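Visitor: Here's a sequence, model it:
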Amino acid sequence: MHNGRTVEELAQALHVTRTAITSQLAALQAAGLVAQQGLRPGRRRPSVVYTLSASADAFFPKTYDDFAAEVLEELRREGKGNLGRLLRRVGDRWIARDLPRVKDLRGRKRLERAKEILAERGFMPSLSPKRDGYLLREHNCPVIRLAVAHPEVCNMVHRWLEALFGTPLTRTRCMRQGDPFSDYVITTAR
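Guide: Numbering: from 1, shown residues only. Below is the predicted model:
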């Protein structure tokens with residue numbers, strides 16, 4: 001539906017009644033998945049044109065990780081150091097994007113805000129106090145497929161985490177190595 005379709009066009013294409021299409025479009029509009037794009041001239045009067053909303057795009061399969069894995073593999077083949085340099089720059093951008101949200105915070109407030117950022121990025125983190133600091137656990141790694149094939153990705157994420165939390169982190173478990181989650185020990189918090 002990139003160019004949009006009218007009720008009549010959808011009914012013909014799907015071999016259902018106009019009433020069925022109208023009912024479904026109303027439900028999809030209420031869910032924010034379809035929007036009215038405009039009007040198209042008809043035989044007697046203009047017809048409303050419907051199109052998918054930006055929210056609906058999330059329901060279609062994406063192969064970003066496949067594409068990214070191929071790009072990283074080609075960079076690795078191009079020559080020593082290219083992949084590492086590229087990922088360092090990507091890490092620098094991640095840090096520049098997220099550091100302003102935590103840079104003025106200290107202690108537990110910084111840890112909590114950094115944890116919020118990780119949650120927004122899909123890492124599903126938890127943070128637990130320990131006798132000598134905190135345990136950060138990531139229950140998901142949104143870049144796991146890339147990290148398994150390219151450990152440099154994992155190193156980039158680790159550097160980003162240290163910048164966010166404002167302290168060195170010691171990784172004790174790692175999903176890239178087959179663990180069910182990744183654990184980091186935070187011994188100091190500034």
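
Visitor: can you pull the contacts of residue 103?
Guide: Not one residue lies near residue 103 by Cβ atoms under 8 Å, 6 or more residues apart in numbering. Bear in mind the C-beta positions are built from the backbone N, C-alpha and C, glycine included.

Visitor: Distance check, it against residue 173.
Guide: Per Cβ to Cβ, to the nearest Å, residue 103 is found 28 Å from residue 173.

Visitor: Find the nearest non-adjacent residue to residue 168, please.
Guide: Excluding the flanking residues, the one nearest residue 168 by Cβ to Cβ, 6 or more residues apart in numbering is residue 162, at 5.9 Å.

Visitor: Look up the pLDDT of that neighbour for me, please.
Guide: On pLDDT, residue 162 comes in at 97.

Visitor: could you say what helices and strands the helix or strand containing residue 88 packs with?
Guide: Using DSSP states H and E, residue 88 falls within helix 82-98. For helix 82-98, the packing partners by 3 or more Cβ pairs under 8 Å, 6 or more residues apart in numbering; DSSP states H and E come out as helix 64-78, helix 151-165.

Visitor: Just the buried residues of that helix, please?
Guide: Within helix 82-98, the residues scored as buried using 16 or more other Cβ atoms under 10 Å are 83, 86, 87, 91, 94, 95, 98.

Visitor: Would you mind giving the residues you listed as JSON lines with distance to residue 41 and pLDDT added?
Guide: Listed next are the buried residues of helix 82-98 as JSON lines, based on distance: Cβ to Cβ, whole Å; pLDDT from 0 to 100:
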{"residue": "83", "distance to residue 41": "54", "pLDDT": "86"}
{"residue": "86", "distance to residue 41": "51", "pLDDT": "90"}
{"residue": "87", "distance to residue 41": "53", "pLDDT": "92"}
{"residue": "91", "distance to residue 41": "53", "pLDDT": "95"}
{"residue": "94", "distance to residue 41": "49", "pLDDT": "97"}
{"residue": "95", "distance to residue 41": "53", "pLDDT": "97"}
{"residue": "98", "distance to residue 41": "49", "pLDDT": "97"}
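
Visitor: Tell me which residues are up against the one helix or strand residue 147 maps to.
Guide: According to DSSP H and E, residue 147 maps onto helix 144-149. With contact meaning Cβ under 8 Å, 6+ apart, helix 144-149 is reached by 65, 68, 69, 72, 73, 141, 153, 154, 157, 175, 176.
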